[in-house]
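Visitor: sequence first, then the predicted structure, then my questions.
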Amino acid sequence: MGRVLSAIVRWNALPGLPRGWKYTPEVVAATIAVAALPMVAAWVPPNPYYGFRTPATMATPEEWYFANRLLGWYMIFSQTAALVTINSVAAAMTSRFGSDRVTWGTLWSCAAALLGIAAGVAHYYSRG
């Protein structure tokens, strides 16, 4: 299982980056968190491409900005939690299943992002 995950998730160097540059799971988590900042700052107007896009959130500009600000905070929180726990999760998964820290750390960052999205959507729709 570890070899398959490693082949799917891990690249030693990304194309177009300086020679010897290697990404880390922390870079993945930070990138996801930075991508959420425009949502929190209400810099993203209603559009069909970027943001929390459902018929309910696109009904009015006020609803759009509220929903995107909420989801943006959930994304930032989830990636902050991922950054704090990434080493322990990656170490535990590596010792149990093999592979390496980059693979498990990246999967953890992505899983945290999905949990953040799910929590934000659930919060938005549970507010009545």
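Guide: The structure has been received and is ready for your questions.

Visitor: for the rest of this, base every contact and every neighbour count on C-alpha atoms.
Guide: Fine.

Visitor: next, the residue lying closest to A42 once chain neighbours are set aside: phi, psi?
Guide: In space, A42 comes closest to Y65 once its chain neighbours are excluded; the distance is 6.0 Å by C-alpha to C-alpha, 6 or more residues apart in numbering. The phi and psi values for Y65, taken as degrees, to the nearest 10, are phi -70, psi -40.

Visitor: Y65: neighbour count?
Guide: Residues within reach of Y65, counting by other C-alpha atoms under 10 Å, total 23.

Visitor: and P55, by the same measure?
Guide: P55: 9 surrounding residues under other C-alpha under 10 Å.

Visitor: which residues does the residue most central in space within the chain contact?
Guide: Centre of the chain computed as the mean C-alpha position; nearest residue by C-alpha atoms, centre = their mean is A113, 3.3 Å away. By C-alpha atoms under 8 Å, 6 or more residues apart in numbering, the contact list for A113 reads I32, M75, S78, Q79.

Visitor: how about these in a markdown table, adding pLDDT and secondary structure?
Guide: Shown next, in a markdown table, are the contacts of A113 (pLDDT from 0 to 100; DSSP: H, G, I helix; E, B strand; the rest coil):
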| residue | pLDDT | secondary structure |
| --- | --- | --- |
| I32 | 94 | helix |
| M75 | 97 | helix |
| S78 | 97 | helix |
| Q79 | 96 | helix |
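
Visitor: biggest separation within the residues you listed, which pair?
Guide: Maximum pairwise distance among those (C-alpha to C-alpha): 9.6 Å, between I32 and S78.

Visitor: comparing the two, which residue is more hemmed in?
Guide: Neighbours around I32 and S78, counted as other C-alpha under 10 Å, are more numerous at S78. The numbers are 25 against 18.

Visitor: tell me if I'm right that that one and A112 touch.
Guide: Yes: here S78 reaches A112: they are 5.5 Å apart, a contact under C-alpha atoms under 8 Å.

Visitor: mind listing what the residue nearest to A42 touches?
Guide: Contacts of Y65 by C-alpha under 8 Å, 6+ apart are M39, A42, P45, P46.
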